[in-house]
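J.: the sequence and its predicted three-dimensional model are supplied below.
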Amino acid sequence: MIGFADGEDERTIRAAHALNRSGVVTPRLYGRREAIHVAARDAGSLVPEEWIADVVEGVDDVVREVIAASYAQEPHRIAAAQTDPIHIAAAATRAGIIDGCVAGATRSTSDVLRAGLRIVRLEPDTITLSSCFLMLLPNGRAVTFADCAVVPEPSVTQLADITLAACATHSELTGQSPVAAMLSFSTQGSAQHPRVDRVRQAAELVRERDSELHVDGDLQFDAALVQEVAITKAPGSTVAGRANVFIFPNLDAGNIGYKIAQRLGRVVALGPILQGLNAPINDLSRGCSSSDIELMALVTAIQSLAI
């Protein structure tokens, strides 16, 4: 069962119906019961009562307890959190009532991240919450971009964390062996700059932490992607020309890069897929379509099976 924190949104309701028809996901809509029914009528449909988790009257006691415990040091925030659909869906995920949730069609990324960090929390031994996008290319190929939504200016350690997490996500969602290119404006030292040094140091740290992972950096995007360019710019690299995981050096590059691919290249961008949380919670763009919500719910369902 996958929860939808934007249960009062028409796009979410359309996605819930499509998922239910597929038989893959059982939806759970979080919101005010009457507002959900109104949105459903506006969308030209009806919502079964068993799909609805009313955030005013129908919150499980265990969910309220999870939220209260999470805000024990800030008791003045408990009441608001206990009626907030994102916090309630996150708490239901942590309690095992649902298998995961998607949120953000009507809320900011910061709202989703805040609830995820406070309620679900990071996995043990994880210090970096990050994100990636699964990019579905027009030719049918799937690649992963990270980080495009969370860490503005990652340190060497954070870049390494992002790389390892993105490789795990790529493998989990596609079944492919990850080949990671750590991107820069330089390829194998063609330019000298502290930003290039950071990428190179992060690549070395990734190799230390997982010696079997194919990773290389610094690489320019064309060298990472195109075999003909790789032969010229990065001869001898085991990654250049064959990468399927692309790690951007900062959030400016990652966010701009995925949106260029999405809007000019007609690539389907699934995400941001959050990485590092104890249970699957994923964010949605406020400009998402019902099909985007449907796809992200399927991604969340796959993640829940891997836990």
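T.: Cool, got the structure.

J.: and residue 35, how close does it get to residue 55?
T.: Using CB to CB, to the nearest Å, residue 35 is found at 10 Å from residue 55. All C-beta spots, glycine's among them, are computed from the backbone N, C-alpha and C.

J.: neighbour-wise, which of these two wins?
T.: More neighbours surround residue 55 than the other of residue 35 and residue 55, with 25 against 15 (other CB atoms under 10 Å).

J.: neighbours of residue 84, just the number please.
T.: Residues lying near residue 84 (other CB under 10 Å) number 20.

J.: can you pull the phi/psi pair for it?
T.: Residue 84 adopts backbone torsions of phi -90, psi 120, taken as degrees, to the nearest 10.

J.: for it, what are its contacts?
T.: Contacts here follow CB atoms under 8 Å, 6 or more residues apart in numbering; on that basis residue 84 touches 55, 115.

J.: what's the distance between the residue with the shortest distance to the centre of the chain and residue 225?
T.: Relative to the mean C-alpha position of the chain, the nearest C-alpha, by CA atoms, centre = their mean, is the one of residue 273, at 1.0 Å. Counting by CB to CB, the separation of residue 273 from residue 225 is 21 Å.

J.: ok, now residue 263?
T.: Relative to residue 225, residue 263 is positioned 18 Å away (criterion: CB to CB).

J.: pick out whichever of these two has more residues nearby.
T.: Ranked by neighbour count (other CB under 10 Å), residue 263 and residue 225 place residue 225 first, with 18 against 10.

J.: residues contacting the closest residue to the more buried one other than its chain neighbours?
T.: If you skip the residues right next to it in sequence, residue 225 has residue 243 as its closest partner in space, 6.4 Å away by CB to CB, 6 or more residues apart in numbering. Counting by CB under 8 Å, 6+ apart, residue 243 makes contact with 143, 179-181, 219, 224-225.

J.: try it again at 6 Å.
T.: Listed by CB atoms under 6 Å, 6 or more residues apart in numbering, the contact partners of residue 243 are 179, 181, 224.

J.: check residue 130 too.
T.: Contacts here follow CB under 6 Å, 6+ apart; on that basis residue 130 touches 147, 150-151, 162, 165, 275.

J.: which element is residue 206 on?
T.: In this assignment (DSSP states H and E), residue 206 forms part of helix 194-209.

J.: so which residue of this protein lies furthest out from the middle?
T.: With CA atoms, centre = their mean as the measure, the chain has its most outlying C-alpha, relative to the mean C-alpha position, at residue 232: 34.3 Å.
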